[in-house]
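Asker: Compute the structure for the input listed below.
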Amino acid sequence: MNAKNSQPWDEFLIQCKNRVEKTLQATISQSTPNSKLLAAMRYACLDGGKRIRPVLVYASAQAAEANFDNCDAAACAVELIHSYSLVHDDLPAMDDDDLRRGKPSVHKAFDEATAILVGDALQALAFQCLSKQNNDLSADTKIRMTAQLAEAAGAFGMTGGQSLDLEASGTAIDLEQLESLHKLKTGALIKASVKLGALGAEKINESLISALENYADNIGLAFQVQDDIIDEISDTETLGKPQGSDRAQLKSTYVSLLGLEQAKLKAGELANNAIRALDGFPESANHLRDLAAYIVNRIN
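Answerer: Now for the predicted structure:
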């Protein structure tokens, strides 16, 4: 079943969150008989989070006129990958953050070894979720989805971006380098979310997928610019994680390179570019358009 195209954005957002929460609950609860690992996986993934990536899956599916039943596994998988990345990013060997989503990071609530295993388990579960999805999609489409997510999560995507981010810590980099870094670290999984939703409509043509990729490239960067702005102007309680952590680690950000006001203009420009990329889509893409605005207007 799909959300109606005329459905208000707030209702659509709640529907998508509820839908993916249900899938996440069921998927994680069946993932391991190890009670400690299961508790830590649930802690990492089920308590909090904006669920923007799953919402992107559903909004893209709606734009492509795909059945949401063909996208539940993909929405679950991208959130599992995202949650694993946060668990590992927070580790002392990485960003060394003690708070996440307003509570102690997994390595603080449990221990470092458990946090590493939680990340490993969530990542593997994401691919199990995609490869075993029970819906009407063809085997070829399921393979294409799995390959898409693997690329986004690997060395040519999120993991590669995190490596560049660690190398850049304490080093001044320019705007071009910063954008290249975040196209991998943040943008790759956002693009994968958009493409996975579109692939739920197996007959979608490649020109429409190309337009959606353009949309995703722009909102991926917009998301990161807004993150940098929020990190600068919000407090730890609002953020749910340490405020100013990038500044403390001497990382270059859009705010440090552009200044706060120019960074806000940059975020707005990227959101507008994303919306323009959808000019060839009918009203079915309205929630993707809404999401572009939502990303640059959020405060945490």
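
Asker: Please, where are all the helices along the stretch 1-150 of the chain?
Answerer: If DSSP state H, counting those that start in this stretch is used as the criterion, the helices of the stretch 1-150 of the chain fall at 9-29, 35-45, 52-63, 72-89, 106-109, 112-131, 139-153.

Asker: In JSON lines: those helices, plus mean pLDDT and distance to residue 254.
Answerer: From N, CA and C alone the C-beta is placed, and that goes for glycine too. Below are the helices of the stretch 1-150 of the chain laid out as JSON lines (pLDDT from 0 to 100; distance: least, Cβ to Cβ, whole Å):
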{"stretch": "helix 9-29", "mean pLDDT": "96", "distance to residue 254": "25"}
{"stretch": "helix 35-45", "mean pLDDT": "97", "distance to residue 254": "28"}
{"stretch": "helix 52-63", "mean pLDDT": "97", "distance to residue 254": "18"}
{"stretch": "helix 72-89", "mean pLDDT": "97", "distance to residue 254": "19"}
{"stretch": "helix 106-109", "mean pLDDT": "97", "distance to residue 254": "28"}
{"stretch": "helix 112-131", "mean pLDDT": "97", "distance to residue 254": "27"}
{"stretch": "helix 139-153", "mean pLDDT": "96", "distance to residue 254": "22"}
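
Asker: most tightly surrounded among those helices?
Answerer: Neighbour counts (mean count of other Cβ atoms under 10 Å) averaged over each of the helices of the stretch 1-150 of the chain peak at helix 52-63, with a mean of 28.

Asker: distance between it and the chain's centre?
Answerer: 11 Å (Cα atoms, centre = their mean, to the nearest Å).

Asker: One more: stretch 44-64?
Answerer: That offset, for stretch 44-64, works out to 8 Å (Cα atoms, centre = their mean).

Asker: And the lengthiest helix in the chain, what's buried?
Answerer: In the chain, taking DSSP state H as the definition, the longest helix is helix 206-233. Within helix 206-233, the residues scored as buried using 16 or more other Cβ atoms under 10 Å are 208-209, 211-212, 214-232.

Asker: and residue 169, which of the helices of the stretch 1-150 of the chain is closest to it?
Answerer: Of all the helices of the stretch 1-150 of the chain, helix 72-89 sits nearest to residue 169, with 12.3 Å by Cβ to Cβ.

Asker: Compute the inter-axis angle for the closest one and helix 52-63.
Answerer: For helix 72-89 against helix 52-63, the angle by axes from the mean of the first three to the mean of the last three Cα atoms, to 10 degrees is 160 degrees.

Asker: got the CA coordinates for helix 72-89 in CSV?
Answerer: This file holds the C-alpha atoms of helix 72-89, laid out as CSV (Å, rounded to 0.1, in the frame of the first residue of the first chain):
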residue,chain,number,x,y,z
ASP,A,72,10.1,-2.3,3.4
ALA,A,73,13.2,-4.4,3.3
ALA,A,74,15.2,-1.6,1.7
ALA,A,75,14.0,0.9,4.2
CYS,A,76,15.0,-1.4,7.0
ALA,A,77,18.4,-2.2,5.4
VAL,A,78,19.5,1.4,5.0
GLU,A,79,18.6,2.2,8.6
LEU,A,80,20.6,-0.8,9.8
ILE,A,81,23.6,0.4,7.8
HIS,A,82,23.2,3.9,9.1
SER,A,83,22.9,2.6,12.7
TYR,A,84,26.0,0.4,12.4
SER,A,85,28.0,3.4,11.1
LEU,A,86,27.0,5.5,14.1
VAL,A,87,28.0,2.8,16.5
HIS,A,88,31.4,2.5,14.9
ASP,A,89,31.9,6.2,14.4
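
Asker: Would you mind getting the angle between that helix and helix 9-29?
Answerer: Put simply, helix 72-89 runs at 80 degrees to helix 9-29, going by the same axes, to 10 degrees.

Asker: Relative to the whole chain's centre, how far out is helix 72-89?
Answerer: Offset of helix 72-89 from its chain centre (Cα atoms, centre = their mean): 8 Å.
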